[in-house]
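Predicted model follows, preceded by the sequence.
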Amino acid sequence: MSRAARAMRNWNCWVPEVLRCDDTHFAIASGGAFASNFKDAAAENSALRSNVWNMFLIPCSSEYAVRPLTFPQVSNSGGTCNRLLATLSPADLDLLRPELETVALEQDAVLARAGDEIDYVFFPHSGAILLMIDMADGQTVATGVVGCEGAVGSLSVLGASPSGITAVVRAAGTASRVPAARFHAAFGRSPGIRQAIQKHVRSMLIQFQLGSACNALHPVEARMARWLLQLRDRVDSDVLPLTQQALSQILGVRRTTVTLLMGNLRKRGAIRSDQRGQIEIDRARLLAAACECHRVMRLEAEEIFSGDKVRTRGMAPANDPRIPEIEADDAV
C-alpha cells in the first residue's frame with residue numbers, strides 16, 4: 001500500500017476504492033496534510049490526477065468559512081472517510097442523503113458558537129475540530145477534539161438547547177454536514193444511527209472525564225504534550241498548524257507559559273521546530289513527555305468502537321498490543 005493511501009486510512013478511513021474512482025472528488029485544504037497526501041496519491045493514480053483541477057478552494061471571507069462544494073457526495077458504497085458514516089447501512093444513509101453535502105473546513109472556521117442554536121451536524125473526513133469553553137472573563141480552554149472518527153453537533157439529539165461549546169476548526173479539512181432537523185428525524189427513525197451516535201457520545205464522555213482529571217492532576221507540560229498528540233492523531237502529520245497563542249487558548253494558560261514549556265520540550269527533542277504558525281513534533285519523544293491520558297483515551301475509544309469489553313483504566317498496560325507504536329511516517 002502506498003504511503004499516501006496508508007496515511008489517509010487514519011481512524012479506519014476507507015480509501016483504496018476512492019483512489020480508483022474517476023467520479024469521486026475531494027477538496028484540497030491548502031497547505032494541510034490532506035492536500036499533501038492527496039497530491040502524493042494523485043501522482044500515483046492517473047484517474048485521480050485527472051480530477052485535480054476540479055478541486056480548487058477559493059479563499060472565503062465568511063466568518064464561518066464553511067462552503068458547500070459541488071462535486072463530493074457521501075456514499076456508503078462509494079466510500080467515506082468519516083468513521084461514523086462508514087458504519088451506517090445504505091438504508092440509514094438514505095435518511096440523511098437528501099440534505100447531506102460536503103463542505104470545506106478552513107482553519108479557524110467556527111462551526112458552532114456557545115449560546116447559539118445548532119443548525120448543522122458535521123461529520124469530518126479530515127482535519128481537526130476543537131471544542132472550546134469560553135469564560136465570562138474572556139479566557140478559553142479546550143475540552144475535546146473531533147476528527148474523522150466522530151461528529152460535531154450530534155449531541156443536539158439529547159434535547160433542544162443552545163450549544164454549550166464553541167467548535168473551531170484547528171486543522172483544515174473536509175466534512176459532510178446535514179441540517180440538525182434532518183439528523184434528529186433520522187436519529188429517531190434509525191436504530192443504526194442511534195447506535196453509532198451512542199458510541200460517539202461514550203467516546204466523547206471519556207475525553208471530557210479524563211480531560212477534567214488531567215487538568216486537575218497533571219503538570220501543564222504533560223497536558224500540552226497530550227494535546228499535541230491528540231491533534232497529531234487526527235491531522236496525520238508531525239507538522240501541526242498551531243501557534244503558541246492557539247496553544248495557550250487550548251490549555252487555558254498564559255502565552256509566556258507556553259513559550260517556556262515549548263523551550264523545555266525542544267530541549268528534550270519532543271519539539272523539532274516552532275515557527276510561522278507551525279509546530280513540528282517528534283512523536284516518540286512527545287509520547288515520553290505526555291501523561292498517560294492520551295494513551296488511555298485512545299485505548300478506551302478503540303474498545304468502544306470495536307465492541308471489546310472496556311477494562312478499568314488501572315488494568316490498561318502501557319504496551320497494549322491494540323495500540324501499537326506507529327512509525328513516524330505512518331498514520332495514527
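Structure received. Numbers count the residues shown, from 1 in each chain.

Every contact and neighbour count from this point should use C-alpha atoms.
Fine.

for the chain, what spans make up the strands?
Ranges of strands in the chain, per DSSP state E, are 66-68, 101-105, 110-112, 120-124, 128-134, 140-146, 166-171, 173-179, 239-240, 271-275, 278-281.

any chance of these in CSV, plus mean neighbour count?
Shown next, in CSV, are those (neighbours: other CA atoms under 10 Å):
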stretch, mean neighbour count
strand 66-68, 17
strand 101-105, 25
strand 110-112, 22
strand 120-124, 25
strand 128-134, 23
strand 140-146, 21
strand 166-171, 24
strand 173-179, 25
strand 239-240, 21
strand 271-275, 16
strand 278-281, 19
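
Compare the ones you listed and give me the one nearest F305.
strand 140-146 (14.8 Å; CA to CA).

Which one, of the strands of the chain, ends up nearest to D92?
strand 173-179 (13.5 Å).

Out of the strands of the chain, flag the one nearest S154.
Among the strands of the chain, if distance is taken as CA to CA, the winner is strand 120-124, at 5.7 Å.

Stretch 203-223: which residues count as buried?
S203, M204, I206, Q207, F208, L210, G211, C214, V220, E221, A222, R223 (16 or more other CA atoms under 10 Å).

which residues are in contact with that stretch?
With contacts defined as CA atoms under 8 Å, 6 or more residues apart in numbering, stretch 203-223 is touched by T143, G144, L251, L261, A289, A290, C291, C293, M297, E300, A301, I304.

if I look at the fifth one, how far off is N264?
Between A289 and N264 the distance is 10 Å, computed by CA to CA, to the nearest Å.

quick one: which of these two has more around it?
Neighbour count, other CA atoms under 10 Å: between A289 and N264, A289 has more, with 18 against 14.

Which residue, other than its chain neighbours, is closest to that one?
A222 (5.9 Å; CA to CA, 6 or more residues apart in numbering).

How confident was the prediction at the one you found?
A222 carries a pLDDT value of 97.

so how far is R177 from it?
34 Å.

cool, and M132?
20 Å.

Mark which of the contacts of stretch 203-223 are part of helices, please.
Counting by DSSP state H, those place L251, L261, A289, C293, M297, E300, A301, I304 in helices.

can you list the residues you listed in a markdown table and add pLDDT and distance to E106?
Formatted as a markdown table, the ones in helices among the contacts of stretch 203-223 follow (pLDDT from 0 to 100; distance: CA to CA, whole Å):
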| residue | pLDDT | distance to E106 |
| --- | --- | --- |
| L251 | 96 | 22 |
| L261 | 96 | 28 |
| A289 | 96 | 30 |
| C293 | 95 | 29 |
| M297 | 93 | 27 |
| E300 | 89 | 30 |
| A301 | 87 | 27 |
| I304 | 86 | 30 |
